[in-house]
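Asker: structural data only, the sequence is not supplied:
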């Protein structure tokens with residue numbers, strides 16, 4: 001419910017952005033006196049995403065909307081994803097924003113599905129996780145779409161865990177100083193430490209990090225990190241995540257190293273094109 005409320009608020013702002021005063025064509029044509037149904041229809045294959053979330057948000061805003069297919073469902077050309085019923089001027093005002101949200105979200109889900117299948121082919125237990133590198137304002141839909149594509153939405157925000165990044169280390173002056181400040185932390189908060197070398201990852205694990213994020217390491221460096229952790233008996237006590245520049249061309253190589261998590265922003269930066277168009281038909285709403 002909280003997600004739907006948050007999405008409804010964002011959707012209201014997106015609609016105002018597209019029609020800040022009025023829909024000129026709808027006003028000229030007298031569409032307020034016409035009733036109908038607007039359908040979002042797939043023109044290319046893909047994985048549908050955020051249909052139920054978007055329909056729920058629209059209903060919270062007072063519109064009559066129905067998700068025809070569930071998020072995560074494969075769609076083919078001609079399939080209807082979502083339907084909205086109402087006055088013609090309302091449907092006209094909603095059309096562009098609704099189509100754009102569905103197309104972008106479905107593109108994320110489609111790209112994610114491809115990456116998950118590629119990674120699981122060589123490592124059935126690996127988690128393909130989402131980074132926080134989403135377009136500002138669209139994170140709710142982007143993360144939901146990633147999950148519906150078969151990935152793990154992972155950390156939704158900085159509030160989800162204590163994430164010690166390289167910029168923190170630079171501000172403090174040293175990696176050792178950052179690790180020292182982790183001692184005495186609350187045991188109820190997950191600590192993730194970003195490491196740039198296998199040796200830094202080992203130091204983080206020794207300091208009690210719950211997870212080490214191997215930042216922009218090559219697959220051979222990831223394997224070296226796993227070996228060092230195994231030798232010290234720490235492998236089973238820490239989650240190992242590979243991240244940085246991971247996409248279709250190398251995700252299998254990273255997954256094959258045996259890491260627990262491969263995180264990627266690829267579906268957010270390069271969503272698979274899913275063409276979705278509008279189809280309207282007139283109804284008597286009396």
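Answerer: That came in fine, so what should we check first? Here the structure is a predicted model, which means the values were calculated and not measured. Residues are numbered from 1 along each chain as shown.
Asker: rest of the way, CA atoms for contacts and neighbours
Answerer: Fine.
Asker: in the lowest-mean-pLDDT helix or strand in the chain, what counts as buried?
Answerer: Counting by mean pLDDT, DSSP states H and E, the chain has its least confident helix or strand at helix 175-180, which shows a mean of 78. Under the neighbour-count criterion of 16 or more other C-alpha atoms under 10 Å, helix 175-180 has 175, 178-179 buried.
Asker: before we move on, what about stretch 130-140?
Answerer: In stretch 130-140, counting by 16+ other C-alpha under 10 Å, buried: 130-132, 134, 139-140.
Asker: just the endpoints, please. Distance across it?
Answerer: Start-to-end span of stretch 130-140 (C-alpha to C-alpha, to the nearest Å) is 12 Å.
Asker: quick one: contacts of that stretch?
Answerer: 3, 7, 10, 142-143, 146, 151-157, 263-265, 268 (C-alpha atoms under 8 Å, 6 or more residues apart in numbering).
Asker: name the residues that touch the host helix or strand of residue 3?
Answerer: Using DSSP states H and E, residue 3 sits within helix 2-18. With contacts defined as C-alpha under 8 Å, 6+ apart, helix 2-18 is touched by 53-54, 56-58, 60-61, 93-94, 97, 137, 140-141.
Asker: output these as TSV; include the columns pLDDT.
Answerer: Shown next, in TSV, are the contacts of helix 2-18 (pLDDT from 0 to 100):
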residue	pLDDT
53	96
54	97
56	96
57	96
58	96
60	95
61	95
93	94
94	96
97	96
137	90
140	93
141	95
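Asker: what's the spacing between residue 155 and residue 167?
Answerer: Distance from residue 155 to residue 167, by C-alpha to C-alpha: 19 Å.
Asker: the two: which has the busier surroundings?
Answerer: Each of residue 155 and residue 167 has its neighbours counted (other C-alpha atoms under 10 Å); residue 155 has more, 15 against 10.
Asker: which SS state does the more buried one fall under?
Answerer: Following DSSP: H, G, I helix; E, B strand; the rest coil, we place residue 155 in the coil state.
Asker: which of the buried residues of stretch 130-140 fall in strands?
Answerer: Those of these mapping onto strands are residue 130, per DSSP state E.
Asker: which one is the residue nearest to the spatial centre of the chain nearest to, not counting chain neighbours?
Answerer: Compute the mean C-alpha point of the chain, and by C-alpha atoms, centre = their mean the closest residue is residue 143, 2.5 Å away. Spatial nearest neighbour of residue 143, chain neighbours left out: residue 153 (5.2 Å); criterion: C-alpha to C-alpha, 6 or more residues apart in numbering.
Asker: need the contact list for that neighbour.
Answerer: 129-131, 143-144, 146-147.
Asker: ok, now how distant is it from residue 276?
Answerer: For residue 153 relative to residue 276 (C-alpha to C-alpha), the value is 24 Å.
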